[in-house]
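> Curious how this folds, go ahead:
(chains A, B, C and D)
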4 protein chains.
Amino acid sequence: MQVSFACTEQTLRSRTSEDRLCPNRPSGGQNVGNGGQTKQRTPPLATKYPNQALPLITNMLRESTGKATGMKYRNLGKSGLRVSCFGLGTWVTFGSQITDEMAENLMTIAYEHGVNLFDTAEVYAAGRAEKTLGNILKKKEWRRSSYVVTTKIYWGGQAETERGLSRKHIIEGLRGSLERLQLEYVDIVFANRMDANSPMEEIVRAMTFVINQGMAMYWGTSRWSAMEIMVCVGSMTWSPLACGLITGKYADSIPEKSRASFKGYHWLKEKAGSDEGRKQHSKVKELHPIAERLNCTVTQLAIAWCLRSEGVSSVLLGVSNCDQLMENLSSIQVLAQLTPQIISEIDQILGNKPNIKKDSRA
Amino acid sequence: MQVSFACTEQTLRSRTSEDRLCPNRPSGGQNVGNGGQTKQRTPPLATKYPNQALPLITNMLRESTGKATGMKYRNLGKSGLRVSCFGLGTWVTFGSQITDEMAENLMTIAYEHGVNLFDTAEVYAAGRAEKTLGNILKKKEWRRSSYVVTTKIYWGGQAETERGLSRKHIIEGLRGSLERLQLEYVDIVFANRMDANSPMEEIVRAMTFVINQGMAMYWGTSRWSAMEIMVCVGSMTWSPLACGLITGKYADSIPEKSRASFKGYHWLKEKAGSDEGRKQHSKVKELHPIAERLNCTVTQLAIAWCLRSEGVSSVLLGVSNCDQLMENLSSIQVLAQLTPQIISEIDQILGNKPNIKKDSRA
Amino acid sequence: MQVSFACTEQTLRSRTSEDRLCPNRPSGGQNVGNGGQTKQRTPPLATKYPNQALPLITNMLRESTGKATGMKYRNLGKSGLRVSCFGLGTWVTFGSQITDEMAENLMTIAYEHGVNLFDTAEVYAAGRAEKTLGNILKKKEWRRSSYVVTTKIYWGGQAETERGLSRKHIIEGLRGSLERLQLEYVDIVFANRMDANSPMEEIVRAMTFVINQGMAMYWGTSRWSAMEIMVCVGSMTWSPLACGLITGKYADSIPEKSRASFKGYHWLKEKAGSDEGRKQHSKVKELHPIAERLNCTVTQLAIAWCLRSEGVSSVLLGVSNCDQLMENLSSIQVLAQLTPQIISEIDQILGNKPNIKKDSRA
Amino acid sequence: MQVSFACTEQTLRSRTSEDRLCPNRPSGGQNVGNGGQTKQRTPPLATKYPNQALPLITNMLRESTGKATGMKYRNLGKSGLRVSCFGLGTWVTFGSQITDEMAENLMTIAYEHGVNLFDTAEVYAAGRAEKTLGNILKKKEWRRSSYVVTTKIYWGGQAETERGLSRKHIIEGLRGSLERLQLEYVDIVFANRMDANSPMEEIVRAMTFVINQGMAMYWGTSRWSAMEIMVCVGSMTWSPLACGLITGKYADSIPEKSRASFKGYHWLKEKAGSDEGRKQHSKVKELHPIAERLNCTVTQLAIAWCLRSEGVSSVLLGVSNCDQLMENLSSIQVLAQLTPQIISEIDQILGNKPNIKKDSRA
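Numbering: from 1, shown residues only, chains lettered A, B, ... in the order given. Modelled structure (predicted):
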């Protein structure tokens, strides 16, 4: 049985609907088959739209390290864009329970620790995430060329024309995002490829338009449904802790004020209580001794595990206070401790390795 | 004998000149041959101008229903653009006999009932339709992303350069429309393909220019002559009542103040008085019992019939008062009543079905 | 021997250098070989630069007549652009000897007689022609869509970078023209293809850039040298009177204040005095009886002859006073008098017809 | 053994890494093999990106001479852009030891002697070179069309995203350059092709974007590393004196305040003291008698030698005072003195000619 660490919910779901698997991110680094899907999907795009701006294609290149911060930088997908191996997500971070001051503190800490990637979406906190991000960027006056802002087109309003991936919505939706962000352009705009109502050609042409207009530097696409696009976009890994599932938070019951108790998080609640959720939770428990040996938390071990995956350019952190952020950022030091032996131990626990089957026969 | 319901005048005309048939809209839904024409016409365009913005291609996709209004939404042609199954035409609606206040009332009612499509043209009421539409949109302050505005390039002035589909006229004509509409862009601009003086390549390039400049989201083309383009554009069905012909208004004489008595409506007058007009009128009379059974008017039956046609994305309503508009809008409830049996009865009356021939032998 | 009427100097020159012949304009309408050159030249352009804005290709379409003015309108080349069969050139018209008031009078008369084409160039009167044209257009406030302005890139200054057809000069040169003209765009910009220093690809790309930027609606190219481009551009025939040669002005001596006595008109002076010039002059004398019979001047006969040539969209008039302009404009009435018999007579005099050879044997 | 004159350091380096040779500039004019490399490299670009703006390709065309100044003008590469055979580099010229007044004097002298090419880069003097150049151009008010400004994208700041050739850095870097230069566009922007982190497709698309946006007229690329791009860009030869190596400045020791003693010039210092440096220095000594015979300095002989190379459009002068500039500019008169016999003598000294091998056997 395969269990991935970072994207638990996708893996679980993929058993019933195979084609929803994250195609660009090998779960735990071993799932080569998905990489093969990527190769199959990309050439038709390039062949069919030879003069259109094509989306980012995932493939990590050389890593460098910031002198002052120790932050790692990698190319985002196959592009030349260099992003920090941690990005700051704004889904949780700038949610309704976070004050503007806290959000600014989180961004400042992240930026000063070398984080150069800030991820948002028109849908996060009904546009408030974009507004908060834009206000902070304006106040801090960091050079525009020193950071990367990404957003996602999903839905922007109640009207029928404000949904899906029609040319009209892509262009108007991104314009709305730019206004809220008070930016002339985002660095990357992502689109959800699951809108069966919009032909791929229309999406590619609309994205090329926004690129040519200078409203975005790059665009990306994904094959995931509404919920999934919030969870993992492009080659960025969101929520390495699978929204707390891994840390065992929800093992017995759903705590008040935790994400699983929020409106719209039914899927999280259901998963926590499901048979598979419980099986997975018991596997996670086996990781605790390893974390203790490495003198880190299971959370940090999970993030470090994500960071070492070949297809992962950046792990998006969704934190709600500065302690969490610092804990997550320091996972970078756990990365160096992931020796082949430790990796082998974790693989055996998760059951991800192909040769695990032999072991389980024994 | 084939008689269509919605586009009576095109069908009559098509007998003498086959290639003037609306290619994208099966008359009454059964005329598959026209759909075939569409398929033949489109590929050369895509092949010849691979990097140009291509026009909308008609093919309806999934239908959704507005929660508050019950309005149906469909994709316009093969695009991802979602339009209400009713659009408000401004040819009649904003004509010279309608005050600005009445026009505003009509638009407000339509919008609040879920209509998101407003159709105009530089030629309607000599530009006044566009000005009125623009003034109302400005006053109402609806979000630009919540509605769709379409216009048509036909002629814009007395000068020789202000006619036809030269690059100069397409660009300058659309600029004029945008000024009158007080909009930065229209959602769709339609061009009449019958201008033999302008090569197709020039039209495609000019349309691509206006798309790339952000003056329009989409463009469409049609094969119809001057009069025809006003009657049915793209996959939108105009004047489902064939300007009153179907309702029997002109069966005996032309009433004063009715459209057929207006200047420029000679064709309507001629048609009403023609042999074929009279034949058709007698067929329409046979529909009255069905309308009575469904507890609706023949007008509503006609509109519902249009709505169920596969190739029809939106039916453009041309009304001159609020009662007419409400009557037309409520046709949507008749749609559900069009059971296979009712449809079969109407087909037999209209003589549209292929198997009608067998019946007529009997 | 072939003698053309309108472009005497090109024809004379073409005997020594065949490839300088106007390729798009059959001299007198019979020179099919040149048309063949056009066909050979155009396809490679379209094939090599499939996504670039291609220049106008010459081929006249349907002619219409202005109701109020009787002016004839034709498509310029193969484009959809409708131009009056007379254009007002500004080389002579807005030269140094014409006051601004006179220039305005000439333009007003022309426009009111249905002329919608005004031709200028950065080089005419060292930019003064463009400035005068721009000032008059601004003052008169004619609708921008009601007329066509053409200019030509030749040279714009003393610097090495201000000559030729480099991308830099095409873009900067046209910007300069637009500033002088006080226009946002010209309708057509012509480039001289004889600049061996600039590769054709660079010219095509630069022209596509100015089209995409909205600085011009169309572009055209020609194969002629510096002097030639002033004489005949695209499918527009300049100076049908060959600068006075045909009218016999210079038959015996060069009058003071005539063009041939101006600086830079040495070629005209030389031509007038050459053997071929004299031969041609004697032929022109034979046309006088025909002109008398048609109750027109030889000048008017010459212009009418140009107008009936198949490849000619518009004849550019270079006049220096209102009488000349009115005389030229009224040539349109001579056109109807050019019966097959008259045409045959003129052909025999000019020796243009292939079957003339047989006649000359007789 | 091959020794080139102008690009000494490249040639030396090329022995250990062949593919770093200047591909577009035959060293001394004889190295045809490199020209062959150019041909191999260019077609794939044109084939792979048929609709993208392609970089300049080197191949010199006709030379003309300025009337007032005697300056020679050549096409830059295969483009139609005419540049003076001398360009003013701003690396040394506008370095930290030069006052703004001196920089202005140098530019004024150069411009008045017919120099129309000013070369800078975001990296020169940490942006100060661009600012100084921009200030002087603004103050002097020369027509924008009368000169050519080139810049290079290398790095623009401390952040990870401000390095390399990602789309983000190309666009943002050039925007920064334009701000510092106070220009709407540069004439040419060069990019270093050695950034293995950015795919060639991304670079080509980004360059096409800046061209289409009007931020640059042309773009060029090079295959050289960080240091090399400062030394020779495109078909422009930088530092014909190999930073003083040829003049024998560093033969015995490194003088204070000379370039080799500056921070970041270690390579120059190392080269001067190396075995190969000394060998080369002894060859240069043999050139002194020839320079004396031609009544010029070895510096002038070196520059003239560069000017006569077929692939060289312009030699970039890096001077620190007016005397040096005048000395360098007057090398143009030495060019005419390079008779076949003199050339043969120099070839024998430098050992560049293929037939030298036979000589050395003798």
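> where do the strands sit along the stretch 201-350 of chain A?
Per DSSP state E, counting those that start in this stretch, the stretch 201-350 of chain A carries strands over the ranges A:216-222, A:232-233, A:236-238, A:314-317.
> what's the residue of the stretch 101-250 of chain A at minimum distance from chain C in contact with, if anything?
For the stretch 101-250 of chain A, the residue positioned closest to chain C under CB to the nearest CB is residue A:212, at a distance of 10.2 Å. Yep, even glycine has a C-beta here, placed from its N, CA and C like the rest. Residue A:212 makes contact with A:53, B:212, D:209, D:212 under the criterion CB atoms under 8 Å, 6 or more residues apart in numbering or on different chains.
> How about the residues of chain A by chain B?
Applying CB under 8 Å from any CB of the partner chain, we find that chain A lies next to chain B at A:50-51, A:156-169, A:171-173, A:176, A:195-199, A:202-203, A:205, A:209, A:212-213.
> go with 6 Å
By the rule CB under 6 Å from any CB of the partner chain, the part of chain A lying against chain B is A:51, A:159-162, A:164-168, A:172, A:197-198, A:202.
> Which one of those residues sits in the busiest neighbourhood?
For the residues of chain A next to chain B, the largest neighbour count, defined by other CB atoms under 10 Å in any protein chain shown, is 30 neighbours, found at residue A:166.
> report the longest helix in chain A, please.
The helix spanning the most residues in chain A, taking DSSP state H as the definition, is helix A:275-293.
> what packs against it?
The criterion is 3 or more CB pairs under 6 Å, 6 or more residues apart in numbering or on different chains; DSSP states H and E, and the helices and strands that helix A:275-293 contacts are helix A:298-308.
> What is the burial count for the closest residue to residue A:68 other than its chain neighbours?
Distances taken as CB to CB, 6 or more residues apart in numbering or on different chains put residue A:114 closest to residue A:68, at 7.5 Å, once the chain neighbours are dropped. Counted by other CB under 10 Å, the residues lying close to residue A:114 total 22.
> what does residue A:135 give?
By the measure other CB under 10 Å, the count of residues near residue A:135 is 16.
> likewise the one 10 residues further on?
The tally of other residues near residue A:145 (other CB under 10 Å) stands at 18.
> just checking, it touches residue D:172?
Yes - in this structure, residue A:145 is within contact of residue D:172 by CB atoms under 6 Å, at 4.2 Å.
> now the angle from the longest helix of chain A to helix A:298-308?
Using axes from the mean of the first three to the mean of the last three CA atoms, to 10 degrees, the inter-axis angle of helix A:275-293 relative to helix A:298-308 is 90 degrees.
> coming back round to it: next, give me the two most distant ones among the residues of chain A next to chain B.
Farthest-apart pair in the residues of chain A next to chain B is A:51 and A:159; separation 32.2 Å (CB to CB).
> By mean pLDDT, flag the weakest helix or strand of chain A.
Per-element confidence for chain A was summarised using mean pLDDT, DSSP states H and E. The lowest value among helices and strands belongs to helix A:8-14, with a mean of 25.
> so where's the stretch 1-150 of chain A shaky on pLDDT?
Flagging of the stretch 1-150 of chain A using pLDDT under 70 yields the residue ranges A:1-50, A:54-61, A:92-93, A:95-96, A:124-126.
> who's in contact with whichever residue of it sits closest to chain C?
Using CB to the nearest CB, the single residue of the stretch 1-150 of chain A nearest to chain C is residue A:51, 6.7 Å away. Applying CB atoms under 6 Å, 6 or more residues apart in numbering or on different chains, we find residue A:51 in contact with B:51, D:51.
> so it, which of the three states?
Here residue A:51 is coil, with the state taken from DSSP: H, G, I helix; E, B strand; the rest coil.
> quick one: the residue nearest to residue A:68 and residue A:70 touch, right?
No - if you go by CB under 6 Å, residue A:114 and residue A:70 don't touch, sitting 7.3 Å apart.
> thinking again about what came up before, quick check: phi and psi on the residue nearest to residue A:68?
Residue A:114 has phi and psi values of phi 100, psi 0 when expressed as degrees, to the nearest 10.
> same deal with the one 3 residues further on?
For residue A:117, the backbone dihedrals are phi -120, psi 120 (criterion: degrees, to the nearest 10).
> How many residues are close by it?
Residue neighbour count, defined by other CB under 10 Å, stands at 29 for residue A:117.
> so what's it bridging to?
Residue A:117 forms beta bridges with residue A:87, residue A:148, as assigned by DSSP bridges.
> can you tell me which residues contact it?
The neighbourhood of residue A:117, defined by CB under 6 Å, 6+ apart, consists of A:83-84, A:87, A:148, A:314.
> Now do the same for the residue nearest to residue A:123 when sequence neighbours are not counted: its pLDDT.
Excluding the flanking residues, the one nearest residue A:123 by CB to CB, 6+ apart is residue A:154, at 4.5 Å. In the predicted model, residue A:154 carries a pLDDT score of 76.
> likewise the one 5 residues further on?
You'll see residue A:159 listed with a pLDDT of 91.
> right, and it touches residue B:147 too?
No - the criterion here is CB under 6 Å, and residue A:159 misses it with residue B:147 at 7.6 Å.
> all strands of the stretch 51-200 of chain A, in order?
Per DSSP E, counting those that start in this stretch, the stretch 51-200 of chain A has strands spanning A:64-65, A:72-75, A:82-84, A:86-89, A:117-119, A:148-153, A:186-192. These are given in chain order.
> Partner strands of the second one, with direction?
Right, the one you point to is strand A:72-75. Counting by DSSP bridges, the strands paired with strand A:72-75 are strand A:64-65 (antiparallel), strand A:82-84 (antiparallel).
> And for the shortest one, what's in contact with it?
Applying CB under 6 Å, 6+ apart, the contact partners of strand A:64-65 are A:72-73.
> ditto for stretch A:322-332
Counting by CB under 6 Å, 6+ apart, the neighbours of stretch A:322-332 from elsewhere in the structure are A:105-106, A:109, A:113, A:300, A:303-304, A:317, A:319.
> if you set the cut-off to 10 Å instead, what comes out?
In this structure, residues lying in contact with stretch A:322-332 by CB atoms under 10 Å, 6 or more residues apart in numbering or on different chains are A:65, A:69-72, A:84-86, A:88, A:92-93, A:102, A:105-110, A:113-115, A:240-241, A:296-297, A:299-307, A:315, A:317-319, A:321.
> can you pull the contacts of whichever residue of the stretch 151-300 of chain A sits closest to chain D?
Scanning the stretch 151-300 of chain A for the residue nearest chain D gives residue A:217, at 5.0 Å (criterion: CB to the nearest CB). When contacts are counted by CB under 10 Å, 6+ apart, residue A:217 touches A:53, A:79, A:81, A:148-150, A:185-189, A:211, D:166-172, D:206, D:209.
> rerun at 7 Å
With contact set as CB atoms under 7 Å, 6 or more residues apart in numbering or on different chains, residue A:217 has these partners: A:185, A:187-188, D:167-168, D:171.
> Out of the strands paired with strand A:72-75, which is the most enclosed?
Per-residue neighbour counts averaged over each of the strands paired with strand A:72-75 give the maximum for strand A:82-84, namely a mean of 28 (mean count of other CB atoms under 10 Å in any protein chain shown).
> How about residues contacting it?
Taking CB under 7 Å, 6+ apart as the criterion, the residues outside strand A:82-84 that touch it are A:71, A:73-76, A:114-117, A:148, A:313-314, D:160-161, D:164, D:166.
> Once you drop chain neighbours, what's closest to residue A:85?
In space, and not counting its chain neighbours, residue A:85 is closest to residue A:72: 4.2 Å by CB to CB, 6+ apart.
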